[in-house]
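# Pasting the sequence and the predicted coordinates here, then a few questions.
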Amino acid sequence: MRKTGRVMIAAGGVFAFVAIGATVGAQTAAPDPVADLTKAKAVIERACGVCHGLERPLSKTFDKAGWEKTVERMHANGAEVDQQERAQVVAYLLAKNTFEAKCSACHGTDRPLGKSKSAADWRSTVQRMSGKKPGHLTEAEAADIAAYLAVTRPLP
């Protein structure tokens with residue numbers, strides 16, 4: 001094989017290696033539920049608080065379809081939230097509802113709401129509590145509750 005052929009093969013190998021590395025690096029990172037709910041809380045504070053107090057939506061309990069309908073109605077009434085933000089708001093409100101429904105089965109919600117912890121400590125606490133009543137929480141519910149608590153009761 002001539003020298004130019006070897007150089008071209010080597011260059012092709014380097015190009016393929018760089019292309020594969022770029023593809024691997026371009027893959028999206030795993031979702032961060034705490035970051036997602038933090039954004040959602042900011043949207044709620046910005047968009048919902050314009051027309052009414054935040055206690056209004058936070059005092060209600062709906063399933064996913066009910067929250068989607070409510071958020072769409074608020075958007076139609078003038079709430080400045082795009083489609084992605086509406087989905088974030090629904091996720092936040094569902095996490096709040098999951099926390100209230102699941103955690104209050106064993107103790108009052110004032111108990112965890114009276115504490116402030118890091119996101120890692122909230123995950124640990126929710127996992128520990130979940131272990132006391134096996135089958136009560138799915139992994140997704142536990143993640144939602146831990147993220148909700150990390151957003152609403154973070155370390156100062």
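Now that the structure is in, tell me what you want to look at. In this text the structure is predicted, and so the values were computed from the model without any measurement.

# And this protein, what are its domain boundaries?
Here the domain parsing of the chain from automatic domain parsing is 1-30, 33-152.

# average pLDDT across the helix or strand hosting Ala42?
Here Ala42 is covered by helix 33-43, with elements defined by DSSP states H and E. The average pLDDT for helix 33-43 rounds to 95.

# Give me the nearest residue to the residue nearest to the spatial centre of the chain, chain neighbours excluded.
In the chain, the centroid-proximal residue (Cα atoms, centre = their mean) is Pro33; its distance is 2.8 Å. Nearest non-adjacent residue to Pro33, counting by Cβ to Cβ, 6 or more residues apart in numbering: Ala147, 3.7 Å away. Placement of C-beta: from N, CA and C, glycine included.

# hang on, isn't that neighbour packed against Phe99?
No. In this structure Ala147 lies outside contact range of Phe99 using Cβ atoms under 8 Å: 9.6 Å.

# Which one's more surrounded, those two?
Each of Ala147 and Phe99 has its neighbours counted (other Cβ atoms under 10 Å); Ala147 has more, 26 against 22.
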